[in-house]
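In: Below are the sequence and a predicted model; questions follow.
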Amino acid sequence: MKVVAFNGSPRVEGNTDKLLQESLKPAVRDNHDIKVFRLNLMKIRPCQNCGGCDETGVCVLRDDDMGEIYREVREADRIILASPIFFFALSAQIKAMIDRFQCIWCERYLLGRNIEAGKYGRKGLLLLVGGMKKEIGIQCGEATAKAFFRTISVPQHETLGFTGIDRKGAILEHPEALKNAFEAGERLIKIEEDLR
């Protein structure tokens, strides 16, 4: 099984990073193929809304790191998005990546070509953490992530959102959150009975 994870936090070893690491432990334990993208370290140009992919499903921007991301997402069985919540939204790093999937949206909804599910099916996990105490940040982030997941033919995903956690490393003071992330990682790699 191939697990592809996107870390949208600019903060190294921060709360988002800790949650993501915890969610990946079951996949590491079971020796699955894991690829983690630290989006803050990558060159990702924003979508230009140029319409260049409308008839081809292929992005016209070729001078950044999105080519590798497209390949990995197409081959993935499980996809994890992990992001801090900034101003009631996903981080700029992860949103820029999602926006560049406009070409895949065109491929699916305009050209009628879906990313095919492999022998394990396709499932997703969304991890969100932020300092605000209102749930609206989680709700807004989840809405964007859902649109992304459905565009890349991930029919189901689980969302874990944690509010009121801001200071770097503060997630470690919430062992229940880390436990929840681990358990979500377990559910993510579980193979449904009808796919065995």
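Out: That came in fine, so what should we check first?

In: Quick check: the gap between the residue most central in space within the chain and Ile44.
Out: Closest residue to the average C-alpha location of the chain: Leu81 at 2.0 Å, with CA atoms, centre = their mean. For Leu81, the distance to Ile44 under the criterion CB to CB, to the nearest Å works out to 14 Å. The C-beta positions use only the backbone N, C-alpha and C, and glycine is treated the same way.

In: Now Ile191: closest residue in space that isn't a chain neighbour?
Out: Tyr120 (5.7 Å; CB to CB, 6 or more residues apart in numbering).

In: got the contact list for that neighbour?
Out: Counting by CB atoms under 8 Å, 6 or more residues apart in numbering, Tyr120 touches Met1, Asp77, Arg78, Ile191, Leu195.

In: coming back round to it: could I get the host helix or strand of the residue nearest to the centre of the chain in PDB with only the CA atoms?
Out: Element membership for Leu81, per DSSP states H and E: strand 78-86. Only the C-alpha atoms of strand 78-86 are listed here, as PDB (Å, rounded to 0.1, in the frame of the first residue of the first chain):
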ATOM      1  CA  ARG A  78      -4.000   6.600   1.000                       C
ATOM      2  CA  ILE A  79      -3.500  10.300   1.200                       C
ATOM      3  CA  ILE A  80      -3.000  12.500   4.200                       C
ATOM      4  CA  LEU A  81      -3.300  16.300   4.400                       C
ATOM      5  CA  ALA A  82      -2.000  17.900   7.500                       C
ATOM      6  CA  SER A  83      -2.300  21.600   8.000                       C
ATOM      7  CA  PRO A  84      -2.300  24.300  10.700                       C
ATOM      8  CA  ILE A  85      -5.300  26.600  10.600                       C
ATOM      9  CA  PHE A  86      -4.400  30.200   9.700                       C
END
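
In: Show me which positions of it end up buried.
Out: By 16 or more other CB atoms under 10 Å, the buried positions in strand 78-86 come out as Arg78, Ile79, Ile80, Leu81, Ala82, Ser83, Pro84, Ile85, Phe86.

In: Same question for stretch 9-24.
Out: Residues 9-10, 14-24 are the ones in stretch 9-24 that count as buried (16+ other CB under 10 Å).

In: Stretch 170-188 now?
Out: For stretch 170-188, the neighbour count (16+ other CB under 10 Å) marks Ala170, Ile171, His174, Ala177, Leu178, Asn180, Ala181, Phe182, Ala184, Gly185, Leu188 as buried.
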